[in-house]
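*Asks:* Prediction below, plus the sequence it came from.
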Amino acid sequence: MLGTYEARDHQVAGLFVARLAELPSGVWLPIVTPFVDGAVDFAGYERLLEHYLGKGVSGVFPLGTTGESPTLDEDEMEAIVERTVSLVAGSAEVVLADDGAAHGLRVILGKPWQVLE
């Protein structure tokens, strides 16, 4: 896991937020979302992710600001998250974040994603 959480958690704008008491270690990468002819290149995304996992990254951030999430619809975002969790399969951490796009926040918070250990 990422570390230990402070005993006191916070509520910000109705969202539950926990602070880490210690910083994660290792290399953590925001993963870009490749496109071909205006569509998500899922095969390219999987190749990128497999390459970085093969190099021993500690964690990945799909759908961040380098993941072009504002240009993706909910189905594409869900497919990226599912592929990421499936490919990582416990070999690294997956952190879902949001760059402020409202639909992204709905996708991330509206699905029953689990913390994988």
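*Replies:* Thanks, I have it.
*Asks:* which residues does Phe61 bridge with?
*Replies:* Pro30 (DSSP bridges).
*Asks:* unless I'm mixing things up, it is touching Pro30, no?
*Replies:* Yes: using CB atoms under 8 Å, Phe61 makes contact with Pro30 at a distance of 4.4 Å. Every residue, glycine included, has its C-beta placed from N, CA and C.
*Asks:* which one of the two has more residues nearby?
*Replies:* With neighbours defined as other CB atoms under 10 Å, Phe61 and Pro30 compare such that Phe61 has more, 18 against 14.
*Asks:* Next, find the distance separating that one from Tyr45.
*Replies:* Distance, Phe61 to Tyr45, using CB to CB, to the nearest Å: 13 Å.
*Asks:* shared neighbours of those two, anything?
*Replies:* Ile31 (CB atoms under 8 Å, 6 or more residues apart in numbering).
*Asks:* Can you show me the strands along this protein?
*Replies:* Using DSSP state E, the strands of the chain run over 10-12, 15-17, 28-30, 35-36, 39-40, 59-61, 93-94.
*Asks:* Phi first, then psi, for the nearest residue to Ile80 once chain neighbours are set aside.
*Replies:* In this structure, Ile80 finds its nearest non-sequential neighbour in Pro62, 5.3 Å apart by CB to CB, 6 or more residues apart in numbering. Pro62 adopts backbone torsions of phi -80, psi 150, taken as degrees, to the nearest 10.
*Asks:* Could you tell me how many residues sit around Pro62?
*Replies:* 25.
*Asks:* Surely it and Glu93 touch.
*Replies:* No: checked against CB under 8 Å, the pair Pro62 and Glu93 is beyond contact range at 11.6 Å.
*Asks:* other SSEs contacting the longest helix along the chain?
*Replies:* When every helix of the chain is counted residue by residue (DSSP state H), the longest turns out to be helix 74-88. The elements that helix 74-88 packs onto, with contact taken as 3 or more CB pairs under 8 Å, 6 or more residues apart in numbering; DSSP states H and E, are strand 39-40, helix 42-54, strand 93-94, helix 102-110.
*Asks:* Mind doing that once more with 7 Å?
*Replies:* helix 42-54, strand 93-94, helix 102-110 (3 or more CB pairs under 7 Å, 6 or more residues apart in numbering; DSSP states H and E).
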